[in-house]
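A.B. asks: The sequence isn't on hand, but the structure is:
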């Protein structure tokens, strides 16, 4: 089983609120990712990191931001939530080397903005 | 053009059937290949890696054709529990900075 954890698992908030989705992994992985996925639809990479103090934007434009101050922690923040942000957010991690490209996912955070 | 293309299905098969999924990738420099399984409203989980010579894990067989940039997954003797979405995943190059690209997934439903 993967040791990667996301909180909260489910969140319903009002428009305009600031939220932070937490993600932690205890596998010592350098790479971490945030994906967005609507039910029945494909995964979209929104942010990734190769290590501490490294963050990059992914393929899908997102109004969220991330930080990587510690190896094990990769929080995602929405400064002002909107209904269009309603989705599932999946955090993932993998090793940095070529032999460790297996990516492990957290259970996801389901966000509903009303 | 997308990095990874999959037929989204759905594939609806009876128990015991053999079913095959295909996937094509656009970057010939891709080095690593995987199949992931995602159950409804769950996170994706690694099903198996795909090796150049092809590999088998129980009822599952994965094949890679580098010349055609094509990956396949064969499931024999389908079980009800095989119902899920199967994601083809490709690493764009072998360096430490290689990105993983996910296909949109192929949905499989096995019926009794």
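C.D. replies: Structure received. Since we're looking at a predicted model, the values are computed, not measured. Residues are numbered from 1 along each chain as shown, chains lettered A, B, ... in the order given.

A.B. asks: Could you tell me the per-residue confidence at residue A:111?
C.D. replies: Per-residue pLDDT puts residue A:111 at 97.

A.B. asks: got the buried residues for whichever strand or helix holds it?
C.D. replies: Using DSSP states H and E, residue A:111 falls within strand A:109-113. Neighbour counts over strand A:109-113 (16 or more other C-beta atoms under 10 Å in any protein chain shown) mark A:109, A:110, A:111, A:113 as buried. C-beta coordinates here come from the backbone N, C-alpha and C atoms, glycine included.

A.B. asks: now do stretch A:82-93
C.D. replies: Buried residues in stretch A:82-93, counted by 16+ other C-beta under 10 Å: A:85, A:87, A:88, A:89, A:90, A:91, A:92, A:93.

A.B. asks: Repeat that for stretch B:33-51.
C.D. replies: Neighbour counts over stretch B:33-51 (16+ other C-beta under 10 Å) mark B:33-38, B:43-48, B:50 as buried.

A.B. asks: What of stretch A:22-42?
C.D. replies: Using 16+ other C-beta under 10 Å as the test for burial, stretch A:22-42 gives A:23-25, A:29-37, A:42.

A.B. asks: sorry, back to before: from the buried residues of stretch A:82-93, pick the one nearest chain B.
C.D. replies: Among the buried residues of stretch A:82-93, residue A:90 lies closest to chain B (C-beta to the nearest C-beta), at 5.8 Å.

A.B. asks: which stretches of chain B have low pLDDT?
C.D. replies: Within chain B, the stretches with pLDDT under 70 are B:93-98.

A.B. asks: how close does the residue nearest the centre of chain A get to residue B:60?
C.D. replies: Nearest residue to the geometric centre of chain A (C-alpha atoms, centre = their mean): residue A:34, 3.0 Å. Distance of residue A:34 to residue B:60, computed by C-beta to C-beta, to the nearest Å: 29 Å.
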